[in-house]
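**Student:** I'd like to go over a predicted model; first the sequence, then the structure.
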Amino acid sequence: MAVSVDHYENFPVASWLCPPALRPAVAAIYWFARTADDLADEGDEPAGMRLADLDAYRADLLAIAGGRAASARWPQVFGPLANAMRRHALPTELLNDLLDAFAQDVVKTRYADRAELLDYCRRSANPVGRLLLHLYGVHDEHSKRCSDAICSALQLINFWQDVAVDARKGRLYLPLADCAQHGVDPVGVLAQNDSPATRGLIRAECDWARALMQSGAPLVYRVPGRAGWELRLVVQGGLRILDKIAALDFGTLVTRPRLRRTDAPVLVWRALQMRSLPAALAGRTA
């Protein structure tokens, strides 16, 4: 549920705050998701081949879930994942949901409204949080809803951070209904035409993401031990990206903000201050 070294992700890769006994399982989930995402999004293969690869990948998932051997195509993924599934009884349907989202990315490049975009987040991001809660032994419905809010917010923040990156791929995650409300031409966004209207639209989407993050943030008090402190940093990392977008006057069609080592003291300080909600969640608006 945070930012990795090489990719902006929905969760950290077995960080030093993660309980050591759970690190192999967290890493296995990460590599399962990372590899599937690469099958959907990397290289020059046509859509049909990408979907066929994802179907084969799903078949391997279902094989190990049923106690059978996976194919020899991705041993570095399904060997560790099979061990994690056996040891921790990981819910197969959550892993399946991730594959549904990756397959959707191959064929779908526009979203009608926020509800449709959140349905994508439900499958592309929320399963990761629920898998981690499962590992941490947190199973109540309130915690799951808070986790969903955090993960969806992180996914949305990634979208608003990467508006230009996605435009170059022909993808538009800004909901078409919101574009119309703000007088923004989606074709202009895909052409990376910056404008005051587009910046106003991105501001509104960032406000939405911040509110969603704040609604889920009380989960940090329900996740035990070091994992709870890791989650505090996850939440603050997402909010910090929103601060950086705001500092750019929401011009992410021009510049892509990112977290750097110099942000670490700010994140740690804000994580320590999260005892005084909601002040520590407000972030900066400029």
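**Tutor:** That came through fine. Numbering: from 1, shown residues only.

**Student:** Name the residues that touch whichever strand or helix holds D166?
**Tutor:** Using DSSP states H and E, D166 falls within helix 163-168. Residues outside helix 163-168 that contact it (CB atoms under 8 Å, 6 or more residues apart in numbering) are 159, 172-174, 189-192, 202, 252-254, 256. For the C-beta atoms, the positions are set from N, CA and C on the backbone; glycine is no exception.

**Student:** Name the nearest residue to A82, sequence neighbours excluded.
**Tutor:** The shortest distance from A82 to any non-neighbouring residue, by CB to CB, 6 or more residues apart in numbering, is to I64 (4.1 Å).

**Student:** hmm, I was thinking of T92
**Tutor:** A65 is the one closest to T92 (CB to CB, 6+ apart), at 4.3 Å.

**Student:** residue ranges of the helices in the protein, please?
**Tutor:** Per DSSP state H, the chain carries helices over the ranges 23-41, 47-65, 75-88, 92-107, 114-124, 126-136, 141-161, 163-168, 176-181, 186-190, 196-216, 225-247, 264-272.

**Student:** Give me the buried positions along the fourth one.
**Tutor:** This means helix 92-107. By neighbour count, with 16 or more other CB atoms under 10 Å as the criterion, the buried positions of helix 92-107 are 94-95, 97-99, 101-103, 105-106.

**Student:** and the residues you listed as CSV, adding distance to A28 and pLDDT?
**Tutor:** As requested, those are exported to CSV (distance: CB to CB, whole Å; pLDDT from 0 to 100):
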residue, distance to A28, pLDDT
L94, 13, 98
L95, 10, 98
D97, 17, 97
L98, 13, 97
L99, 15, 97
A101, 19, 96
F102, 17, 96
A103, 21, 97
D105, 22, 93
V106, 24, 94
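
**Student:** which of those sit farthest apart?
**Tutor:** L94 and V106 (20.2 Å; CB to CB).

**Student:** Mind listing residues that contact stretch 201-211?
**Tutor:** By CB under 8 Å, 6+ apart, the residues outside stretch 201-211 that reach it are 114, 153, 156-157, 159-160, 163, 174, 178-179, 182, 184, 238-239, 242, 245-246, 250-253, 283.

**Student:** Can you say which of the residues you listed are buried?
**Tutor:** Here, 16+ other CB under 10 Å leaves 153, 156-157, 159-160, 163, 174, 178-179, 182, 184, 238-239, 242, 245-246, 250-253, 283 buried among the contacts of stretch 201-211.

**Student:** domains of this structure?
**Tutor:** Split into domains by automatic domain parsing, the chain comes to 15-107, 109-286.

**Student:** Quick check: which of these is buried the most?
**Tutor:** Comparing the domains of the chain by mean neighbour count (mean count of other CB atoms under 10 Å), domain 109-286 ranks first with a mean of 18.

**Student:** can you pull the contacts of L51?
**Tutor:** When contacts are counted by CB under 8 Å, 6+ apart, L51 touches 103, 106-107.

**Student:** thinking again about what came up before, what sits against the residue nearest to A82?
**Tutor:** 70, 78, 81-82, 85.

**Student:** Find the nearest non-adjacent residue to C18, please.
**Tutor:** Nearest to C18 is V26, by CB to CB, 6+ apart, at 5.7 Å.

**Student:** Flag the shaky bits of the stretch 51-200 of the chain, pLDDT-wise.
**Tutor:** Along the stretch 51-200 of the chain, the model assigns pLDDT under 70 to no residue.

**Student:** Please list all residues in contact with the nearest residue to K144 once chain neighbours are set aside.
**Tutor:** Distance criterion CB to CB, 6+ apart; nearest residue to K144, sequence neighbours excluded, is R130 at 6.0 Å. Contacts for R130 (CB under 8 Å, 6+ apart) come out as 91, 94, 144, 147-148.

**Student:** nearest to R270, of those residues?
**Tutor:** Taking CB to CB as the measure, R270 sits nearest to S147 out of these, at 19.7 Å.

**Student:** I'd like to know how far that closest one sits from A227.
**Tutor:** 12 Å (CB to CB, to the nearest Å).
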